[in-house]
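Visitor: okay, sequence plus prediction incoming.
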Amino acid sequence: MSEMHIPEIKVSFKGGKEEAHKISCSKDAYAVANRLFNADTLQYQEEFIVVYLNAQHKTIGYYKAALGGIEACIVDPRIILGIALKVPCTAMILFHNHPSGNLNVSRQDRSITQKLFTSANMLDINVLDHIIIGDGEYHSFADAGEMEF
């Protein structure tokens, strides 16, 4: 009988020494987002970023979950939730930009928000908001009452 080898799976998270930022409202979240999105490509390429938060709603870190084209990007909830389980997060905020500057919520925006909200909820992780970044403005799902699923 031949020797069996099963690879070990290692899970790691390297917390940084950076200052944590408390996010209490969409304005705070937008201020954090402005530091994460590349201003040079904001109007040319859609990007989806997730900010992971602790129980006090202070930032743990962020993950650039998807980089797309002018009109869309592919977001994989399994990766976003897998990372959420690697860090000691209890909440997260979703962000993406609309290169057109139009802040209207698309069917796809609602769909991914609902999917992540529902899936994260099953893991006792709260999706607090989904913020769409436009041309110097933003749309908050939470502020608009669109986080009720």
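Guide: Received the coordinates, thanks. Numbering: from 1, shown residues only.

Visitor: tell me the contacts of residue 31?
Guide: By C-beta atoms under 8 Å, 6 or more residues apart in numbering, the residues touching residue 31 are residue 21. All C-beta atoms are positioned from the backbone trio N, CA, C, and that covers glycine.

Visitor: recalculate using a threshold of 10 Å.
Guide: The contact partners of residue 31, by C-beta atoms under 10 Å, 6 or more residues apart in numbering, come to 21, 23, 25.

Visitor: so what's the residue count around the last one?
Guide: When counting by other C-beta atoms under 10 Å, one arrives at 13 neighbours for residue 25.

Visitor: looking at it, it is touching residue 129, isn't it?
Guide: Yes: taking C-beta atoms under 10 Å as the definition, residue 25 is a contact partner of residue 129 at 9.1 Å.

Visitor: between the two, which contacts overlap?
Guide: 140, 142, 143.

Visitor: most surrounded residue in those residues?
Guide: residue 140 (21 neighbours).

Visitor: surely it is in contact with residue 23?
Guide: No: between residue 140 and residue 23 there is no contact under C-beta under 10 Å: 11.5 Å.

Visitor: what bits of this structure have low per-residue confidence?
Guide: Scanning the chain for pLDDT under 70 picks out 1, 11-13, 15-17.

Visitor: which residue is nearest the centroid of it?
Guide: residue 50 (1.8 Å; C-alpha atoms, centre = their mean).

Visitor: and the helix or strand harbouring residue 83, how far from the chain's centre?
Guide: Element membership for residue 83 (DSSP states H and E) is helix 77-86. With C-alpha atoms, centre = their mean, to the nearest Å as the basis, helix 77-86 stands 10 Å off its chain's centre.

Visitor: repeat for stretch 121-130
Guide: 11 Å.

Visitor: so where do the helices sit in the protein?
Guide: 26-36, 77-86, 107-122 (DSSP state H).

Visitor: distance to residue 57 added to these, as CSV?
Guide: Compiled in CSV, those are given as follows (distance: least, C-beta to C-beta, whole Å):
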stretch, distance to residue 57
helix 26-36, 9
helix 77-86, 15
helix 107-122, 15
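
Visitor: and residue 147, which of the ones you listed is closest to it?
Guide: For residue 147, the closest of these is helix 107-122, at 6.8 Å, according to C-beta to C-beta.

Visitor: residue 72 and residue 107 touch, don't they?
Guide: No: assessed by C-beta under 10 Å, residue 72 is found out of contact with residue 107, at 11.6 Å.
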